[in-house]
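J.: Provided below for reference: sequence and predicted model.
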Amino acid sequence: MGEPNTRGEGGSTAGPVGASVATAADSGHEALIIDTGVPGPGGPQATKKIVSRSPGQLAWARLKRDGTARSSFIVLIIYILIGIFADVIEWAVGGEVQRGYPDLLDDSGLPLGYFGGMDWTTDNPSHMVHLLGVTPNEGNDLFLQLVFGVRTSLIVAASATVVAAILGVILGTVAGYFGSWIDQVLSWLTDYFLAFPFLLMAIAVIPVINSHIGDATGDVSPGKRIGTIIFVFAAFAWMGTARLVRGQVISLREREYVDAARAAGARGGHIMFRQILPNLWAPILVTFCLALPATVTAEAALSFLGIGVQHPTPDWGWTINDSTRYMRSDAPYLVIPGLSILALVLAFNLFGDALRDALDPKSSR
């Protein structure tokens, strides 16, 4: 007696004796049809058992098959781990992110050696490795500046995007479910905020807020400055999520399971956030992932313009701003931070696109 085959979409593979598995897909729903051998008169009798797979399991399977998703996810994990363990990396390297090494600079303030002072040995006046060289004028280790810059960018981007997503989900859900004048007011508020050009508003609002939260000398602590950036970003980034959620809620609020919840005496809050909202996690997750790279670039742009994070707090935008003065004499000082931002933003965008395709039941990927 030969071994039965395990058949999937587009082919078959050998499976365990007495069992075979086939998959079927229809409108984004997929099931596993398992043939099992049950003892009976004259030999094993075949029976079938259907095991369904949830949309989340289907999306995960598509993501695992997508090479772009895997590659971009690995890059994102590397960046996240660098940001989390920045202090450990600083200890391992043996340097200090805020410490300058003037002995590694020439009389004009430029790094000694080649490629911005790169030195992968400890045979130098600082007695430490400088993987990416040092910065002109002050002699800070560029590698540590970028490592702690990752932390700053990810803290600002993740915090602002999470707050904006929560605000947009709440307002969009309330507007879509209740409708009537509540929907009109919240829709007007959304359109009102969309009318403001974000970058210009950030340039105008952030200095005003900082002038009110500074100390007696007008100085603003790094924590307060970062908090201001997060607040302004969140205040002007919730509208897209709110519009998306509102439209989805309007299409779901008349479904049978919602009517059944009303008939059972469920309150509006329970229906909105326990019945309707769990069915919207896919578009919300995609919107969140695609909003993160936009926030990273916006934060870097504001720091480049002198409005966001300020020196000596490590930040990619400020680093690129400072490097423009040394474009010809120390090109690696400009190129390396630029490539770092490019890699992070590209990884976020590619993973967001792959996630959107994986969550789309009609996608062929």
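T.: Perfect, I can see it now. Numbers count the residues shown, from 1 in each chain.

J.: going forward, measure contacts between C-alpha atoms and count neighbours the same way
T.: Fine.

J.: buried set for the strand or helix carrying Val162?
T.: Val162 belongs to helix 142-178 when assigned by DSSP states H and E. Within helix 142-178, the residues scored as buried using 16 or more other CA atoms under 10 Å are 142-177.

J.: quick check: mean pLDDT across the very next helix or strand once past it?
T.: Helices and strands here follow DSSP H and E; after helix 142-178, the next one along the chain is helix 180-194. Helix 180-194 shows an average pLDDT of 92 in the prediction.

J.: what's in contact with helix 180-194?
T.: Leu171, Val174, Ala175, Gly176, Phe236, Met239, Ala242, Arg243 (CA atoms under 8 Å, 6 or more residues apart in numbering).

J.: can you check stretch 133-148 too?
T.: For stretch 133-148, using CA under 8 Å, 6+ apart, the contacting residues are 82-83, 86, 90, 95-102, 104-105, 108-111, 115-119, 130-132, 314-316, 326, 330, 333, 337.

J.: For the helix or strand hosting Asp259, what is the distance to the chain centroid?
T.: Element membership for Asp259, per DSSP H and E: helix 256-263. Remark: helix 256-263 is offset 35 Å from the chain centroid, using CA atoms, centre = their mean, to the nearest Å.

J.: Could you point out which of the contacts of helix 180-194 is nearest to Val258?
T.: Gly176 (13.5 Å; CA to CA).

J.: okay, now the spatially closest residue to that closest one that is not a sequence neighbour: neighbour count?
T.: The spatially closest residue to Gly176, leaving aside those adjacent along the chain, is Arg246, at 4.4 Å (CA to CA, 6 or more residues apart in numbering). By the criterion of other CA atoms under 10 Å, Arg246 has 26 neighbours.

J.: got a list of what Arg246 touches?
T.: Leu171, Gly172, Thr173, Val174, Ala175, Gly176, Tyr177.

J.: again, only this time at 6 Å
T.: Shown in contact with Arg246 (CA atoms under 6 Å, 6 or more residues apart in numbering): Gly172, Thr173, Gly176.

J.: measure it to Arg255 for me?
T.: Counting by CA to CA, to the nearest Å, the gap from Arg246 to Arg255 is 15 Å.

J.: hang on, the earlier thing: so the helix holding Val162 versus helix 180-194, what angle?
T.: If you take axes from the mean of the first three to the mean of the last three CA atoms, to 10 degrees, helix 142-178 sits at 150 degrees to helix 180-194.

J.: Figure out how far helix 142-178 is from the centre of its chain.
T.: Relative to its parent chain, helix 142-178 has a centroid offset of 8 Å by CA atoms, centre = their mean.

J.: what does stretch 210-218 give?
T.: On CA atoms, centre = their mean, the centre of stretch 210-218 falls 32 Å from the chain's centre.

J.: Give me the buried positions along it.
T.: Asn210.

J.: helix, strand or coil for Met128?
T.: The three-state label given to Met128 by DSSP: H, G, I helix; E, B strand; the rest coil is coil.

J.: Identify, among the helices and strands of this protein, the element with the weakest mean pLDDT.
T.: Lowest by mean pLDDT, DSSP states H and E among the helices and strands of the chain is strand 19-26, with a mean of 42.

J.: in stretch 225-234, what's buried?
T.: Neighbour counts over stretch 225-234 (16+ other CA under 10 Å) mark Arg225, Ile226, Thr228, Ile229, Ile230, Phe231, Val232, Phe233, Ala234 as buried.

J.: Show me the strands in the protein, by range?
T.: Taking DSSP state E as the test, the strands found in the chain are 5-8, 11-14, 19-26, 29-38, 45-53.

J.: neighbours of Val88, just the number please.
T.: 11.

J.: Test my guess that Thr241 contacts Ile170.
T.: No. Under the criterion of CA atoms under 6 Å, Thr241 makes no contact with Ile170, lying 9.6 Å away.

J.: what's the closest non-adjacent residue to Leu355?
T.: Val286 (6.5 Å).

J.: now what about stretch 326-334, what contacts it?
T.: Stretch 326-334 is contacted by residues Gly116, Ile320, Ser323 when judged by CA under 6 Å, 6+ apart.

J.: export those residues to CSV and tack on pLDDT?
T.: Putting these into CSV (pLDDT from 0 to 100) gives the following:
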residue, pLDDT
Gly116, 83
Ile320, 93
Ser323, 91
